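Peer 1: sequence unknown, structure follows:
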């Protein structure tokens, strides 16, 4: 089954009261505009960046833009089913990104693309993506775990507002920066006073506003949002958080597989666990379900999780 979904939107969705303000809708609209890359030459595109207050380009943005660049070189009727990417250097939010696409293979059923994201003449990210025609075949999946409905959970940004007094001054602006994705944790945690817990995490998320009926935009946004939550989960067993000044946390690679239909402006459940951490690296894996219980995508990511104080001893 292709992950390209029906564009017939559930009527009840239009009646749902989205708890958003103008800021988040503006951020979402800005992000969608950033995903519309500027063609420069054949297979070469330019993208701009959104500053989320991290001091660097958010990895999910580069993933989404690289995927958009690859998609523009692929024949109609083929849709991304997987990609694998490596983060090579920190991206500068003040500079444009050039995306070079190599049309590696055009097959009868699959097309393959390799993308290099470049700043200052050097690659900051590379991505290999595979696109597949729509086919019928066998079907099975893991069951979605039981969790609370997102309507009864509190928004992550609202929780951060309540914890303002606990934030280190140098992290306050970063922590209070709004995102174009609404996140509601099933088991809220205090990232400024982290406790030790099992490396398992469940969060509901959706786009922080209304989206057009463009399947490519939904795909890019799901890839964008999939970079949240993964590395944070690898820190749970160690009572650590990326908000702590002694922690150096950065994505090293990211892989994603698209399985079934989805909309990013409907609630999706991200179920994340971490099977291993060693050598200052943590491994996380995720499954994304829609509210009907269908597994729509899977992810894996390894990242740097370095305790700078410990490594200095």
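Peer 2: Structure received. Computed from a prediction, not measured in an experiment: that's the story for all the values here.

Peer 1: where are the low-confidence patches of the stretch 201-313 of the chain?
Peer 2: Scanning the stretch 201-313 of the chain for pLDDT under 70 picks out 310-313.

Peer 1: please redo it, this time with the cut-off set to 90
Peer 2: Within the stretch 201-313 of the chain, the ranges that satisfy pLDDT under 90 run 210, 241-247, 308-313.

Peer 1: All the helices of it, residue numbers only.
Peer 2: Remark: helices assigned in the stretch 201-313 of the chain by DSSP state H, counting those that start in this stretch are 215-225, 230-234, 308-312.

Peer 1: So which of the ones you listed is the most surrounded?
Peer 2: Among those, the stretch with the highest mean neighbour count (mean count of other Cβ atoms under 10 Å) is helix 230-234, at a mean of 25. C-betas here are computed from N, CA, C, even on glycine.

Peer 1: among the helices of the stretch 201-313 of the chain, which is nearest residue 71?
Peer 2: Each of these has some distance to residue 71 by Cβ to Cβ; the shortest is helix 215-225, at 5.9 Å.

Peer 1: could you say what helices and strands the closest one packs with?
Peer 2: Helix 215-225 makes packing contacts with helix 22-34, helix 59-71, strand 78-87, strand 181-185, strand 200-207, strand 253-258 when contacts are defined by 3 or more Cβ pairs under 8 Å, 6 or more residues apart in numbering; DSSP states H and E.

Peer 1: hey, which of these is tucked in deepest?
Peer 2: Greatest average neighbour count among those goes to helix 59-71 (a mean of 26), per mean count of other Cβ under 10 Å.

Peer 1: What is the distance between that helix and the centre of its chain?
Peer 2: Here helix 59-71 is found 10 Å from its chain centre; the criterion is Cα atoms, centre = their mean, to the nearest Å.

Peer 1: Also compute the angle for it relative to helix 22-34, please.
Peer 2: When axes from the mean of the first three to the mean of the last three Cα atoms, to 10 degrees is applied, the directions of helix 59-71 and helix 22-34 differ by 40 degrees.

Peer 1: Output the contacting helices and strands for helix 59-71.
Peer 2: Judged by 3+ Cβ pairs under 8 Å, 6+ apart, the packing partners of helix 59-71 are helix 22-34, strand 44-47, strand 78-87, strand 97-106, strand 110-119, strand 122-133, helix 215-225.

Peer 1: now those as TSV including distance to residue 145?
Peer 2: Formatted as TSV, the entries for those read as follows, by distance: least, Cβ to Cβ, whole Å:
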stretch	distance to residue 145
helix 22-34	28
strand 44-47	36
strand 78-87	24
strand 97-106	37
strand 110-119	32
strand 122-133	28
helix 215-225	19
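
Peer 1: Residue 199 is nearest to which of these?
Peer 2: Evaluated over the helices and strands packed on helix 59-71, closeness to residue 199 peaks at helix 215-225, with 20.1 Å, by Cβ to Cβ.

Peer 1: need the least confident one among the helices and strands packed on helix 59-71, by mean pLDDT.
Peer 2: Between those, the lowest average pLDDT goes to helix 22-34, which shows a mean of 88.

Peer 1: list the helices and strands that one packs on?
Peer 2: Contact here means 3+ Cβ pairs under 8 Å, 6+ apart; on that basis helix 22-34 packs against helix 59-71, helix 215-225.

Peer 1: nearest to residue 67, of the helices of the stretch 201-313 of the chain?
Peer 2: Using Cβ to Cβ as the measure, helix 215-225 is the one of the helices of the stretch 201-313 of the chain that comes nearest residue 67, at 5.4 Å.

Peer 1: re earlier: CSV for the helices and strands packed on helix 215-225, including distance to residue 103?
Peer 2: Conversion of the helices and strands packed on helix 215-225 to CSV gives the following (distance: least, Cβ to Cβ, whole Å):
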stretch, distance to residue 103
helix 22-34, 23
helix 59-71, 9
strand 78-87, 12
strand 181-185, 31
strand 200-207, 30
strand 253-258, 20
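
Peer 1: Fine by me, thanks again.
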